[in-house]
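Novice: Could you work out the structure for the sequence below:
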Amino acid sequence: MASGFPPVAGIFTAIIGGIVVSFFGGSNLTIKGPAAGLIVIALGAVEELGKGDPLAGYKLALAAIVVAGIIQIMFGVLKSGALGDFFPSAAVHGMLAAIGIIIASKQIHTLLGVKPIGKEPLHLLAEIPHSFSMMNPEIAIIGAVSLAILFGMPLIKNKYVKMIPAPLVVILVAIPLGHYFDLAHEHKYLFLPNHEYTIGPKFLVTLPESLFAAITFPDFSQVFSRTSIKYIVMFSLVGSLESLLSSKAIDTLDPYHRKSNLNRDLLGVGVGNTLAGLIGGLPMISEIVRSSANINNGAKTWLSNVFHGVFLLVFVALFPGLIHQIPLSALAAMLIATGFRLAAPKEFYKTFKIGVEQLVIFLITIAVTLASDLLIGIALGIITKLIIHFANGLPPKQAFKPLFSVNTPSENEFVVDVFHSAVFSNYLQLKKSLDSLPRGKKITIDFSNTALVDHTVMENLHHYQHDYEQNGGEFIINGLEKHHPVSDHPLAARKAVVYSKPTLV
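Specialist: Numbers count the residues shown, from 1 in each chain. The predicted structure follows:
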């Protein structure tokens, strides 16, 4: 609704994201669907293209989404997914934490039964005390009970209790509470003397009676106009970047440490957006909130996204009345729990343990994301990381171009000698060279001649080593014995104690 689209548009996109996009095999655990990061672009498209007519703007925006989806398909075919390896780990984790805070800042008001005035994260955070003072008691009771279940059940050690998903228990408790408070009928009640509150169906989930009746087709009449082209570029570039960042971030949460095929992921998202735009859906990305919830509830394979789409289709098509009985405050509690996991205090401590410079990047990314948006937050995180590297002696000319050589001592052995610095911003070329080497061989990467190896490279090579050895090869990291780690963390950045610039022949 904040995007200027009908609510069912998000349902269409999530169904397509599960039932269609999953089969492109891009990632294991990401859920494909609409996300808050594209709200501003979607709303701008509806308002500018519609010129005061919301329905016309909606249809014209759908045409822009279709064309943007086709462009994203081209991005996937051209293997643009490699950009996902560019981003520093601390900035990606900072983005996750910021999204967790944003989720909580929005949903706490819904949990309390209050509609906030502000729209931006910092305004929503500032309004929390006011929402507590104005909370609707019966709605807040449902939310508080739901939170108690979500945070309390994991503390129970009984193995049978652990087999029951806490969100399912929340639904089974919240629906009867909604009936007890008679949320289906609008009425007033007194909680304390002179304190009157109103409750009714607006505090319940609302969906259309028929999915087919809600299908809306795009209007391509202005697709080549300057305004349409502007939003096509924004949907395709911003959506692709956010999707890559989300998939990369969710890979860090994967309990099996698998890596997404970002090119196939982009291809799948492009197909999904093309289809979603053709029937009236919102733009789609690999979505962090639902993906995190997916992992938290035990998902193991890409089939979890398929079931996500299938269950949405079945329940929305066949049981809209049942879904209408779910209180919004119960769903808000689930989102707050997910947000807390993304921005839990332990995440801050974990980042600090990797190194103080990682915490600085982490905090700057969070602060700027909350104050502006996700892409600006990531950009400032990257700039902060580069400034730190320059302060540590990284020559600007080598910031994006690594120096390395590949030697073959024997038919089945490759030695990659890296010179001067290996950092997040020049890792792409190094990884491209590693990817070009045959699988199932012995690869030794030697950092003896480097002055600096940053945490992102250490982490990426750790995952690369795991993947390479899973396929029957041997991957050895050498030459870090004379480097000083910036912390006790095994993947902390390394600086050479004494560095002599090698003579390259």
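
Novice: Could I get the average pLDDT for stretch 260-280?
Specialist: Confidence for stretch 260-280, expressed as mean pLDDT, is 93.

Novice: How far does it sit from its chain's centre?
Specialist: Chain-centre distance of stretch 260-280: 16 Å, with CA atoms, centre = their mean, to the nearest Å.

Novice: likewise stretch 152-170?
Specialist: A distance of 26 Å separates the centroid of the chain from that of stretch 152-170, by CA atoms, centre = their mean.

Novice: and it, how far apart are its ends?
Specialist: End-to-end span of stretch 152-170 (CA to CA, to the nearest Å): 11 Å.

Novice: One more: stretch 469-481?
Specialist: Its start and end residues considered, stretch 469-481 measures 22 Å (CA to CA).

Novice: Could you confirm Tyr189 falls within a strand?
Specialist: Yes: assigned with DSSP: H, G, I helix; E, B strand; the rest coil, Tyr189 falls within a strand.

Novice: tell me the contacts of the residue nearest to it when sequence neighbours are not counted?
Specialist: Sequence neighbours aside, Tyr197 is the residue nearest to Tyr189 in space, at 5.9 Å (criterion: CB to CB, 6 or more residues apart in numbering). Just so you know, the C-beta spots here come from the backbone N, C-alpha and C atoms, and that holds for glycine as well. By CB atoms under 8 Å, 6 or more residues apart in numbering, the residues touching Tyr197 are Asn136, Pro137, Glu138, Lys188, Tyr189, Leu190, Phe191.

Novice: Could you pick out the buried ones from the residues you listed?
Specialist: Buried subset of the contacts of Tyr197 (neighbour count, 16 or more other CB atoms under 10 Å): Asn136, Pro137, Glu138.

Novice: State the distance from the residue most central in space within the chain to Asn261.
Specialist: When CA atoms, centre = their mean is applied to the chain, the residue found nearest the centroid is Ile288 (2.8 Å). Here the criterion is CB to CB, to the nearest Å. By it, Ile288 lies 18 Å from Asn261.

Novice: Could you save the contacts of Tyr197 as JSON lines and add columns showing distance to Thr13?
Specialist: Formatted as JSON lines, those follow (distance: CB to CB, whole Å):
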{"residue": "Asn136", "distance to Thr13": "31"}
{"residue": "Pro137", "distance to Thr13": "35"}
{"residue": "Glu138", "distance to Thr13": "33"}
{"residue": "Lys188", "distance to Thr13": "37"}
{"residue": "Tyr189", "distance to Thr13": "37"}
{"residue": "Leu190", "distance to Thr13": "42"}
{"residue": "Phe191", "distance to Thr13": "39"}
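
Novice: Do I have it right that the residue nearest to the centre of the chain meets Ile102?
Specialist: No: counting by CB atoms under 8 Å, Ile288 does not reach Ile102; the two are 10.3 Å apart.

Novice: the strands in the stretch 351-500 of the chain, which residues?
Specialist: 403-410, 413-422, 442-453, 474-478, 483-485, 494-496 (DSSP state E, counting those that start in this stretch).

Novice: Would you mind writing the CA trace of the second one as PDB?
Specialist: Extracted C-alpha coordinates of strand 413-422, given in PDB (Å, rounded to 0.1, in the frame of the first residue of the first chain):
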ATOM      1  CA  GLU A 413      49.200 -28.000  -9.100                       C
ATOM      2  CA  PHE A 414      48.700 -24.200  -9.300                       C
ATOM      3  CA  VAL A 415      50.400 -21.600  -7.100                       C
ATOM      4  CA  VAL A 416      48.900 -18.100  -7.000                       C
ATOM      5  CA  ASP A 417      51.400 -15.500  -5.600                       C
ATOM      6  CA  VAL A 418      49.700 -12.300  -4.400                       C
ATOM      7  CA  PHE A 419      51.600  -9.100  -4.100                       C
ATOM      8  CA  HIS A 420      51.200  -6.000  -1.900                       C
ATOM      9  CA  SER A 421      47.500  -6.100  -0.900                       C
ATOM     10  CA  ALA A 422      44.400  -8.300  -1.200                       C
END
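
Novice: Strand partners (parallel or antiparallel) of it?
Specialist: Here strand 413-422 has these sheet partners by DSSP bridges: strand 403-410 (antiparallel), strand 442-453 (parallel).
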